[in-house]
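Enquirer: below is the sequence, then the predicted model.
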Amino acid sequence: MPLNHTIYTHSDAHQPLDLHLLFFGKEECLPGHAWGPGIRDAYILHYIHAGTGTLRIGDAEYHLGHGQGFLIPPDTIVQYEADPVEPWVYSWIGFRGLQALSLMERSQLTVSSPVYRMHPESIFGSFYERLLETANQPAGDIQAQGILYQLMYTLIARLPVHTAAAHHSRSKESHIRQAIEYIENSYSQKISVLDISQAAGLDRTYLSSLFKARFGMSLQAFMLEYRMNRAVELLHHTDLSVSEVSRSVGYEDPFLFSKMFKKIKGASPRRLREELLQTGP
C-alpha cells in the first residue's frame, strides 16, 4: 500500500541547473511488488527503511535491506522486487542536472557499484518527510534544493577522506575534458565562461583554476586561444573574408575579432593570411 508519492517540479524544470530535484516519494511495498526490467531517464536514489528486496542491474544482483540504498542511473536497464515475505519500505528521490554525474562519481555510486549504506538517523532516514514539509513553505523550492544537496554531501562524506580525495582528483581530468569538448562543439557560437562551466558541472572560478594548473592559462584565455587557432586554419585553408572568419569563430564584431587576433597572434588577420599564403600549405 503506497504511503505517499509526490511529484515535485519547478517552473524552470527545463533550465540547465547544476542539480535539479524532479520528484520524490515513499512506498510500503506489497509482497513481491516489482518494477522492471526498464529504463529511467533520471538519477534516482532509493533508501530502504524496513524489509528486504532484490535489485538487478547489469549482470549483478543485490539482496538489500534496512539501512541500505541503491542508485538507479539514467538510461540503464534495472529491475527491483520486494521480498515476498518481508517486503521493503523505501523512499526515493529523482534528480538531473549538470553536476549530477560528477556528484555520483564523487560518491562512488555507479552502474557497477550502485549500493550504499547509511545510518537511519542520517538525512536519508527522513528526507521524504523533510521534503513534504517544504511544500507550503515560503521559498520551499529553495529549501528542497538544499535538502537534495545535503543528500549529495552525505553520500560523499561517508567515504574515507583519502578515498574521496583521490577519486575527486581523478575526476578533475574528466571535467577538463567536458569543458574542452563543449568549446570544440560550441566555439562558433556566443558562449561564455559560465556556459562552459555549467556544461562541465563545476563552478566557473574552480574550473578556471583547473585550466590554469593544467595548461598555464585561465579558462577564458584557453577559449580565446582555441578560437584564434581555428581562425588561423580558416584564414589559411579557406577563401572566407575576415568578417566571415570572425563570425565562424564566435565574433559578431569583426573589429573586436581583429583586435583580439592581433593580440594573440602578433599580426592582423589579413597580414597573417598573406604570410601563410607566401609560405604555402
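Expert: That came through, no problem.

Enquirer: hey, let's count contacts and neighbours off CA atoms from now on
Expert: Will do.

Enquirer: pLDDT weak spots in the stretch 51-200 of the chain?
Expert: 98, 161-170 (pLDDT under 70).

Enquirer: and the helices in it?
Expert: For the stretch 51-200 of the chain, applying DSSP state H, counting those that start in this stretch gives helices covering 100-106, 127-133, 140-157, 161-186, 193-200.

Enquirer: in PDB, could you pull the C-alpha coordinates for the first one?
Expert: Output for helix 100-106, consisting of C-alpha atoms alone and laid out as PDB, is shown next (Å, rounded to 0.1, in the frame of the first residue of the first chain):
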ATOM      1  CA  ALA A 100      24.600  15.000 -11.300                       C
ATOM      2  CA  LEU A 101      27.100  12.700 -13.000                       C
ATOM      3  CA  SER A 102      30.000  14.400 -11.300                       C
ATOM      4  CA  LEU A 103      28.500  14.100  -7.800                       C
ATOM      5  CA  MET A 104      27.600  10.500  -8.400                       C
ATOM      6  CA  GLU A 105      31.200   9.800  -9.400                       C
ATOM      7  CA  ARG A 106      32.400  11.600  -6.300                       C
END
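
Enquirer: which secondary structure elements does it sit against?
Expert: helix 140-157, helix 161-186 (3 or more Cα pairs under 8 Å, 6 or more residues apart in numbering; DSSP states H and E).

Enquirer: chain center to it, what's the gap?
Expert: Remark: helix 100-106 is offset 7 Å from the chain centroid, using Cα atoms, centre = their mean, to the nearest Å.

Enquirer: Ser209 sits in which helix or strand?
Expert: Per DSSP states H and E: Ser209 is located in helix 204-215.

Enquirer: re the thing from before, in JSON lines, list the helices and strands packed on helix 100-106 along with mean neighbour count and distance to Val193.
Expert: Output for the helices and strands packed on helix 100-106, formatted as JSON lines (neighbours: other Cα atoms under 10 Å; distance: least, Cα to Cα, whole Å):
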{"stretch": "helix 140-157", "mean neighbour count": "17", "distance to Val193": "24"}
{"stretch": "helix 161-186", "mean neighbour count": "15", "distance to Val193": "10"}
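
Enquirer: which stretch among those comes nearest Leu234?
Expert: Nearest to Leu234 among the helices and strands packed on helix 100-106 is helix 161-186 (14.9 Å), distances taken as Cα to Cα.

Enquirer: does Gly250 touch Glu184 like I think?
Expert: No - at 11.7 Å, Gly250 does not count as touching Glu184 under the criterion of Cα atoms under 8 Å.

Enquirer: list the contacts of His20.
Expert: Going by Cα atoms under 8 Å, 6 or more residues apart in numbering, His20 touches Ala13, Phe95, Arg96, Gly97, Gln145.

Enquirer: among those, who's most crowded?
Expert: Gly97 (22 neighbours; other Cα atoms under 10 Å).

Enquirer: in this structure it contacts Leu22, no?
Expert: No - using Cα under 8 Å, Gly97 makes no contact with Leu22, being 10.0 Å away.
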